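Asks: Following is a predicted model, sequence given first.
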Amino acid sequence: MPDVPASTPDPRDPMSIDQDRPIELAAEIERHRYLLRSAAEGYRWRVARQVEYLDPEDRDMRMSHAERLIEALMIDPVRHNNLDLDSYRAVRDGAPIVFDAESRTYVLRLPGRDPLPIRPGMPEHRLGVIARLAGLGLRLEQIQVVALTTAQVVAPNERAVPPSSTPMVQRGTTKPSRRLHARPGGGSSASSELSPYDQNRPVGPLGPCHPWPSADAPAE
């Protein structure tokens, strides 16, 4: 029976593996670390100054936490093995990115090439922003804040639609009601506590009303 060629190449075939991919990824990993080196060293120095008077165990724990925060901003060769390097470099180098309504995603348009999708929140976008901010000289704390917010960015078509009308909110309270409660014997609790002088006067929300005397009224 004759051999039928497969529709897709066998990944076990050495000829189907891009030999330049690991080298290119390793080069981008090193460049990413180089861009973040100054910010990482400044962050280590500031943390070390903050914990220099702590106990050794607490100091080691804080420094280990700082190292984990630094590594979270780096390109991991295992987790980011499938990183789209073209998208990452486009964001890192500040290439113009526009929102394409047809594909409903951000795209990079380069002459002579198909539109390159740049999805917000994806590793290519997040790591590219991190590298760009590090190249601009921002502190590591500032880069961390932007990296967290970048992971939550959504496209315009994914934003929440505001309600057409304002909903009515029923507000409750744990305080006793301020309204006048009628007593079983008739009347209200507020009117029964008034003096004989005030019982014939109108009762407002703050108690009996005492109008200002007119100019013709005799002085008491």
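Replies: All right, it came through fine. The model shown is predicted, which means the values in this text are computed figures rather than measured ones.
Asks: quick one, what contacts Ala39?
Replies: Each residue near Ala39 by Cβ atoms under 8 Å, 6 or more residues apart in numbering is listed here: Ala134, Leu138, Arg139, Leu140, Ile143. C-beta here means a position set from N, CA and C on the backbone, and glycine is covered the same way.
Asks: Kindly indicate which of those residues lies nearest Met63.
Replies: Closest approach to Met63 among the contacts of Ala39 (Cβ to Cβ): Leu140, at 14.1 Å.
Asks: Name the helix or strand for the residue lying closest to that closest one once chain neighbours are set aside, please.
Replies: Spatial nearest neighbour of Leu140, excluding adjacent residues (Cβ to Cβ, 6 or more residues apart in numbering): Tyr43 at 3.8 Å. According to DSSP states H and E, Tyr43 maps onto helix 20-51.
Asks: Tell me the buried residues in that helix?
Replies: For helix 20-51, a neighbour-count test (16 or more other Cβ atoms under 10 Å) marks Leu25, Glu28, Ile29, His32, Arg33, Leu35, Leu36, Ala39, Ala40, Tyr43, Val47, Val51 as buried.
Asks: Over to stretch 89-108?
Replies: Arg89, Ala90, Val91, Arg92, Ala95, Ile97, Asp100, Thr105, Tyr106, Val107, Leu108.
Asks: sorry, back to before: which members of the contacts of Ala39 are the farthest-apart pair?
Replies: Largest separation among the contacts of Ala39 by Cβ to Cβ: Ala134 and Arg139, giving 9.6 Å.
Asks: okay, those two: which has more neighbours?
Replies: With neighbours defined as other Cβ atoms under 10 Å, Ala134 and Arg139 compare such that Ala134 has more, 24 against 15.
Asks: What values do phi and psi take at the more buried one?
Replies: phi -60, psi -40 (degrees, to the nearest 10).
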